[in-house]
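Asks: following is a predicted model, sequence given first.
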Amino acid sequence: MPSTNMKIRLAIYDDIPRIIEIEQHGGRKFSDIGMEWVTERPSSNSRDITEGINAKSIFVAVNDHTLAGFIHLGMVDNHGHIFEVSVDYELQGKGVGKLLMNSAEEWAKHHNFNAISLTTFKHVAFNGPWYQSLGYIETDPDDKLPELKAIIDSERTSDLNKSERIAMIKSLDK
């Protein structure tokens with residue numbers, strides 16, 4: 001399923017079961033590299049996803065009515081923030097994630113944000129290095145980014161810190 005046939009649209013309530021399924025199955029890539037504990041963490045629940053749909057902050061990649069991935073966006077420290085991006089395990093590596101990331105940046109520009117951020121694993125090839133290839137730069141949030149600092153500090157003190165967590169940010173040209 002090439003990403004050129006993909007369309008990005010806002011998520012709807014009927015997408016909730018598939019979004020949860022994509023999140024659960026998409027994480028299998030972590031198991032492939034010995035990080036099973038990531039996939040064993042609780043996934044989003046329908047209430048969280050419903051809130052994102054109500055806020056018009058979850059987008060899905062669709063091809064012929066088949067959901068291939070999703071991205072959950074929001075605002076942190078007056079800029080865009082990617083809370084989660086996940087692609088169906090069978091469709092990873094086919095450009096769906098990049099398409100979702102591009103749509104996130106367009107969403108942030110549309111909302112007049114001059115940057116977009118995320119948190120991720122530093123040394124996992126399909127995380128930190130991949131985001132870096134898309135123009136994201138590792139940042140150490142300080143008092144100028146208190147909300148991002150709170151997110152990364154929380155992740156670093158949770159079970160996610162079994163592998164180094166980092167915050168990344170990308171400046172956006174409007």
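Replies: Nice, thanks for sending it over.
Asks: can you mark which positions in the longest strand seen in the chain are buried?
Replies: The single longest strand within the chain, with elements called by DSSP state E, is strand 66-76. In terms of neighbour count (16 or more other CB atoms under 10 Å), strand 66-76 has its buried residues at 67-73, 76. Using the backbone N, CA and C atoms, a C-beta is placed for each residue, glycine as well.
Asks: before we move on, what about stretch 15-22?
Replies: Applying a neighbour-count criterion of 16+ other CB under 10 Å, one finds 15-16, 18-20, 22 buried in stretch 15-22.
Asks: go through the residues you listed and name the one nearest residue 100.
Replies: Residue 100 lies nearest to residue 22 out of those, by CB to CB, at 11.1 Å.
Asks: quick check: phi and psi on the closest one?
Replies: When read as degrees, to the nearest 10, the backbone of residue 22 gives phi -60, psi -40.
Asks: for it, which residues are in contact?
Replies: Residue 22 makes contacts with 67-70, 86-88, as judged by CB atoms under 8 Å, 6 or more residues apart in numbering.
Asks: how near is it to residue 85?
Replies: Taking CB to CB, to the nearest Å as the measure, residue 22 falls 10 Å from residue 85.
Asks: list residues touching both of those two?
Replies: With CB under 8 Å, 6+ apart, residue 22 and residue 85 have common neighbours 69-70.
Asks: give me every residue that touches the residue with the largest distance to the centre of the chain.
Replies: For the chain, the residue at maximal distance from the C-alpha centroid (CA atoms, centre = their mean) is residue 143, at 23.9 Å. For residue 143, the contacting residues are residue 149, by CB under 8 Å, 6+ apart.
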